[in-house]
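[1] Provided below for reference: sequence and predicted model.
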Amino acid sequence: MDGTFNENDISRVVETDRAHIWHHLSQHKPYETTDPRIIVEGKGMRVWDQKGKEHLDGVSGGVWTVNVGYGRESIANAVRDQLIKLNYFAGSAGSIPGSNFAEMLIDKMPGMTRVYYCNSGSEANEKGFKMVRQIAHKRYGGKKHKILYRDRDYHGTTITCLSAGGQDERNAQYGPFTDGFIRVPHCLEYRSFEQDGAPQENYGVWAADEIEKIILREGPDTVGGLCLEPVTAGGGVITPPDGYWDRVQEICKKYDILLHIDEVVCGVGRTGTWFGYQHYGIKPDLVTMAKGVASGYAAIACLVTTEEVFNMFKDDASDPMNYFRDISTFGGCTAGPTAGIENMRIIEDENLLENTTRMGAYMLDELHALSDRHKVIGQVRGKGLFLGAELVSDRDSREPVNEKLAQAVVADCMAQGVIIGMTNRSLPGKNNTLCFSPALIATKDDINQIITAVDGALGRVFS
Ligand SMILES: Cc1ncc(COP(=O)(O)O)c(C=O)c1O
């Protein structure tokens with residue numbers, strides 16, 4: 001740290017935090033006897049807390065966000081300059097950075113043409129749901145309004161996003177939920193033995209066919225959209241099985257169902273391609289993105305669509321209701337697209353997609369090597385710098401470890417100055433996957449430091 005904080009300042013911040021801050025996703029009772037953690041500064045891959053302790057951040061700001069690392073002055077400068085020129089005007093008008101960033105984004109997304117700005121992943125997904133609903137009303141008398149979502153996926157925190165949420169611990173106590181959201185089975189092959197009728201072979205095609213069965217059960221004329229993460233994040237870092245996506249797309253085409261891909265975590269480089277769906281030859285109708293779009297330097301989310309979807313909202317200009325009657329006040333902030341432009345330039349100029357692919361493969365190998373040494377690792381999965389290790393108490397039965405043990409591994413790494421994550425209040429009895437998502441600038445030395453910390457932690461916790 002640069003020493004601008006003295007002991008008195010920081011103890012006051014801690015006390016004020018204790019008195020007034022309601023931390024996200026936190027039980028506050030422990031803060032009565034221990035200090036809440038305050039993160040004071042960040043540089044590159046590292047952050048410093050209120051005690052001046054350095055941490056290697058293996059989770060990009062905790063939730064897959066700071067893709068280009070901390071302390072990027074060029075982003076801060078670009079945002080500063082733009083704020084002085086024009087900070088805001090409502091999104092019914094255009095802006096220079098909004099227009100420029102949309103062009104850059106569309107350039108990376110062949111087949112997509114329109115960018116709708118807003119400010120969180122939840123909001124972007126909710127707008128996607130609204131589009132599907134409005135199309136149902138415009139074209140199908142309101143009938144084709146159901147939206148399918150998948151067990152273990154997460155699309156955000158609002159009541160309607162939770163209605164599309166496949167993580168029962170996140171949803172618990174927040175019902176009743178929005179009508180018309182229908183769950184389809186997950187595609188985690190490692191846990192296929194828990195799914196009735198799952199085959200030993202061609203699991204990916206089977207898992208997709210299960211979606212078709214649900215469409216037929218509900219009636220294809222009632223189903224308007226299917227919302228999926230390309231690689232499931234908080235539900236256990238689930239990479240799709242072979243054959244899955246080809247079949248999913250066939251099914252969507254067959255029943256005229258819009259495919260909404262949630263790239264809130266995978267988007268803008270995390271998996272080594274610009275977007276996660278690009279690994280699997282997917283042609284989406286709607287794509288949502290947030291976290292890594294500006295690496296947390298400004299709040300920005302985007303809903304990107306095809307021209308076909310867009311056209312459905314302008315085909316009858318004589319009808320005063322025939323456009324997307326939606327607004328997002330802060331979708332008009334210019335800081336977001338300005339930071340997005342500079343974030344994308346950094347990824348390109350520093351070849352961070354290539355680094356993500358290389359370092360992701362290296363880290364995956366290192367995690368496999370760890371699993372040779374630690375029987376508690378049941379499976380290692382992931383794509384690029386988006387990796388997970390599922391912990392089990394027995395490799396044959398695949399019984400998940402008690403989540404307190406997974407938490408102990410995370411805490412041990414933290415004590416060593418390495419921040420890793422885990423699936424958290426996600427699935428009952430299955431919060432057992434360690435999560436790794438270092439910034440896309442990670443080096444072999446950084447990854448070695450993470451792996452060494454996890455190695456030591458697993459040895460201590462499961463000795
Ligand atoms: C896949 C996915 N979609 C949507 C969201 C919601 O994003 P936000 O927290 O920006 O609303 C998240 C957040 O973790 C996510 O992981």
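    Received the coordinates, thanks.
[2] Which residue would be the closest one in the stretch 201-350 of the chain to the ligand?
    Using CB to the nearest ligand atom, the single residue of the stretch 201-350 of the chain nearest to the ligand is Val264, 3.4 Å away. Placement of C-beta: from N, CA and C, glycine included.
[3] So the closest residue in space to that residue that isn't next to it in sequence versus the ligand, what's the distance?
    Distances taken as CB to CB, 6 or more residues apart in numbering put Gly121 closest to Val264, at 3.5 Å, once the chain neighbours are dropped. Applying CB to the nearest ligand atom, to the nearest Å, the value for Gly121 to the ligand is 2 Å.
[4] doesn't Val380 make contact with His368?
    Yes: using CB atoms under 8 Å, His368 is in contact with Val380, at 5.6 Å.
[5] In terms of packing, which of these two has more residues around it?
    Using other CB atoms under 10 Å as the criterion, His368 and Val380 rank with Val380 on top: 22 against 13.
[6] Assign the more buried one to helix, strand or coil.
    Here Val380 is strand, with the state taken from DSSP: H, G, I helix; E, B strand; the rest coil.
[7] what's the closest non-adjacent residue to it?
    Excluding the flanking residues, the one nearest Val380 by CB to CB, 6+ apart is Leu367, at 4.3 Å.
[8] Could you double-check that that neighbour sits in contact with Gly378?
    No: taking CB under 8 Å as the definition, Leu367 is not a contact partner of Gly378, at 12.0 Å.
[9] Going by contacts, tell me the helices and strands next to the helix or strand hosting Ile84.
    According to DSSP states H and E, Ile84 maps onto helix 73-85. Counting contacts by 3 or more CB pairs under 8 Å, 6 or more residues apart in numbering; DSSP states H and E, helix 73-85 packs against helix 335-349.
[10] Can you point out the buried residues in the helix it packs on?
    Neighbour-count burial for helix 335-349 flags Ala335, Gly336, Pro337, Thr338, Ala339, Gly340, Ile341, Glu342, Asn343, Met344, Ile346, Ile347 (criterion: 16 or more other CB atoms under 10 Å).
[11] Then stretch 170-182?
    By neighbour count on 16+ other CB under 10 Å, the buried set for stretch 170-182 is Arg170, Asn171, Thr178, Gly180, Phe181, Ile182.
[12] next one: phi and psi at Gln134?
    Torsion angles at Gln134 (phi, psi; degrees, to the nearest 10) stand at phi -70, psi -40.
[13] Quick check: which element contains the spatially closest residue to it that is not a sequence neighbour?
    The shortest distance from Gln134 to any residue other than its chain neighbours is 6.8 Å, reached at Phe324 (CB to CB, 6+ apart). Here Phe324 is covered by no helix or strand, with elements defined by DSSP H and E.
[14] Tally up the residues packed near Phe324, please.
    By other CB under 10 Å, 18 other residues sit near Phe324.
[15] Now do the buried residues in stretch 368-383.
    In stretch 368-383, counting by 16+ other CB under 10 Å, buried: Leu370, Ser371, His374, Val376, Ile377, Gly378, Gln379, Val380, Arg381, Gly382, Lys383.
[16] do the same with stretch 113-130
    Buried residues in stretch 113-130, defined by neighbour count with 16+ other CB under 10 Å: 113-129.
[17] What about those, which are in helices?
    The members of the buried residues of stretch 113-130 that map onto helices under DSSP state H are Gly121, Ser122, Glu123, Ala124, Asn125, Glu126, Lys127, Gly128, Phe129.
[18] Hmm, His155 and the second one touching each other?
    Okay, so that is Ser122. Yes: with contact defined as CB under 8 Å, Ser122 counts as touching His155 (7.2 Å).
[19] Mutual contacts of the two, please.
    Taking CB atoms under 8 Å, 6 or more residues apart in numbering as the criterion, Ser122 and His155 both touch Cys161.
[20] Now the helix or strand of the chain with the lowest mean pLDDT - C-alpha only, CSV.
    Every helix and strand in the chain was compared by mean pLDDT, DSSP states H and E; the lowest is helix 7-20, with a mean of 90. Extracted C-alpha coordinates of helix 7-20, given in CSV (Å, rounded to 0.1, in the frame of the first residue of the first chain):
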residue,chain,number,x,y,z
GLU,A,7,-3.9,3.3,11.6
ASN,A,8,-6.4,5.7,12.9
ASP,A,9,-8.1,6.3,9.6
ILE,A,10,-8.4,2.6,8.9
SER,A,11,-9.7,1.6,12.3
ARG,A,12,-12.4,4.3,11.8
VAL,A,13,-13.3,2.8,8.5
VAL,A,14,-13.6,-0.6,10.0
GLU,A,15,-15.8,0.6,12.8
THR,A,16,-18.0,2.6,10.4
ASP,A,17,-18.3,-0.5,8.2
ARG,A,18,-19.2,-2.6,11.2
ALA,A,19,-21.9,0.0,12.2
HIS,A,20,-23.4,0.8,8.8
